[in-house]
Structure formats: structure tokens, C-alpha cells
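# Any chance you could fold what I've pasted below:
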Amino acid sequence: MVLKKNDFIEIEFTGKTLEGDIFDSNLKEVIEKLNPDYDKNQARPFTFALGQGMFLKGVEDYILEKGEIGKNYTIEILPESAFGFRQAQFVQLIPMRIFVQQKINPVHGMAFNFDGRICKVISVSGGRILVDFNHPLAGKKLIYDIKILKKIEDQNEKTKSFIDFLFKRELTFEIKNEDLFVKVEKQMKQFIELFKDKFKEVLNLNLHVDILAEPEKDLEQLTPQE
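Residues are numbered from 1 along each chain as shown. Here you go, the predicted model:
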């Protein structure tokens with residue numbers, strides 16, 4: 001079976017460096033070795049749409065060219081199709097006062113979230129901290145062991161996986177013919193609607209966003225108190 005863009009597939013995978021250091025996997029036996037206290041949701045097959053940037057570009061490109069359902073592959077990924085090359089401008093000096101304001105004591109090797117970007121402390125010298133915003137795997141060739149388990153045909157399953165990927169949460173939805181009805185909190189409505197074109201492109205569904213009904217207030221709270 002030839003796989004094409006926007007096909008949803010389910011895979012098992014393990015990513016490692018050329019030196020054999022594992023950095024990512026969804027296999028239970030591998031994750032347990034990396035972190036005995038892992039999130040159980042990590043140890044399950046991963047479902048994604050091909051050609052939509054939901055997985056590493058090098059892996060997606062390989063599957064689109066050569067992938068077959070039920071087969072195992074070992075794929076070598078070059079930096080430009082993985083996490084890119086290291087960029088000198090991503091190594092920056094940050095004043096100590098910024099860390100003090102955030103109540104952080106920077107030490108060599110420490111990783112932290114800076115305005116939504118993960119960086120690593122390279123050195124601490126007086127009032128200036130040298131940090132690296134490059135991805136830890138930037139500039140590295142990577143190896144991915146992949147097993148393509150199956151192609152997903154069920155529209156509800158595809159929609160659920162796409163929603164999980166986009167919004168990192170479950171949403172209440174219903175599919176009627178070519179229309180997708182999603183219910184969200186009032187403050188989320190405009191944000192979800194920004195993805196109408198993407199739902200049409202990937203799933204060929206027309207997105208309609210409704211506001212969830214607010215829970216009824218407790219009648220006891222409405223009873224006058226003497």
C-alpha cells in the first residue's frame with residue numbers, strides 16, 4: 001500500500017544518536033529504562049498525519065517515499081531534516097538580574113524555560129550568564145527505529161489524534177457527513193476557529209465551533225440566607 005500526504009498512520013518508534021544514546025521512544029520497555037516514573041500515556045503507539053509536520057521531517061519524508069504498513073525501518077536523519085544545525089546567534093548573554101527576578105539560581109548545565117524557549121546554562125561569570133538556546137540535538141545525525149503498525153481509516157480516530165496534536169487536550173466533538181462540530185469554552189472559541197483551513201486540508205472536514213454550556217449553579221447558593 002502506497003502511503004501519501006495526509007494519510008494517518010500509527011507507529012512505534014525509538015530515536016537515538018549515532019552513539020546509541022536514546023532520547024525518545026514510545027515503547028514501554030525502552031521508556032521504563034529511561035524513566036521508571038514515566039507518564040503511562042507515553043507508552044502507546046503514536047498516530048499522526050503524514051506531511052503535516054506532526055513528526056520529524058526526515059522520518060515523514062522517508063515513510064512517504066518507502067514506507068509500507070507492517071514493516072520495520074531504521075532511518076538515518078541528517079540535521080537539516082531533524083533539529084537543524086547549531087546557530088551561533090542562539091548562544092546569548094543574559095543579565096543575572098533576569099534570573100534574580102524569576103528566583104532562579106543559574107548553575108552550569110542547568111536547563112530552564114525562558115519565555116517558552118528551552119535553554120541551557122553554559123557558564124556563570126559575575127553578573128552575566130551565557131546560555132544556549134540551540135536544541136540539544138541540533139547539528140546531530142539521528143537514528144530512528146520505526147515500525148509502521150497500520151493506516152488509520154476511522155474518521156473519529158483521525159480527528160481525535162489531530163485535535164490532541166494541535167491543542168494538547170481532548171475536545172468534545174461530533175462528525176456529521178463532512179462537518180465537524182466542536183464544543184469548547186467561550187474563551188477558546190476564536191483560537192480554535194483559526195484552524196478551520198487546517199481541518200479542511202488534513203481531514204476534509206468543515207469545522208464548526210460551539211460554546212460549551214456553562215454548568216448550572218447550585219440551587220443552594222441561590223437560596224436567600226437569613
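# can you give me the strands for this structure?
8-17, 22-25, 46-49, 72-77, 91-95, 111-114, 117-125, 128-132, 142-152, 172-176, 179-184, 206-211 (DSSP state E).
# Could you check the angle the last one makes with strand 179-184?
When you say that, I think you mean strand 206-211. 30 degrees (axes from the mean of the first three to the mean of the last three CA atoms, to 10 degrees).
# Pull the residues that contact strand 206-211.
By CB atoms under 8 Å, 6 or more residues apart in numbering, the surrounding residues in contact with strand 206-211 are 178-186, 189, 192-193, 195-196, 199-200. All C-beta atoms are positioned from the backbone trio N, CA, C, and that covers glycine.
# Okay, buried residues for stretch 113-123 please.
Using 16 or more other CB atoms under 10 Å as the test for burial, stretch 113-123 gives 119-121.
# For residue 14, state which of those residues is nearest.
Comparing the buried residues of stretch 113-123 against residue 14 with CB to CB picks out residue 120 as the nearest, at 23.8 Å.
# related to what we said a few turns ago, tell me which of the buried residues of stretch 113-123 has the lowest pLDDT.
Lowest pLDDT of the buried residues of stretch 113-123: residue 119, 87.
# just checking, residue 54 touches residue 48?
Yes - at 3.8 Å, residue 54 counts as touching residue 48 under the criterion of CB atoms under 8 Å.
# residues shared between the contacts of these two?
residue 165.
# Have a look at the two and say which one is more surrounded.
Ranked by neighbour count (other CB atoms under 10 Å), residue 54 and residue 48 place residue 48 first, with 22 against 17.
# ok, back up a step: for residue 158, find the nearest of the strands of the chain.
strand 8-17 (4.5 Å).
# Against which helices or strands is the closest one packed?
strand 22-25, strand 46-49, strand 142-152, helix 155-167 (3 or more CB pairs under 8 Å, 6 or more residues apart in numbering; DSSP states H and E).
# give me that answer again for 7 Å
strand 22-25, strand 46-49, strand 142-152 (3 or more CB pairs under 7 Å, 6 or more residues apart in numbering; DSSP states H and E).
# Quick one: mean pLDDT for the longest one?
The one in question is strand 142-152. 97.
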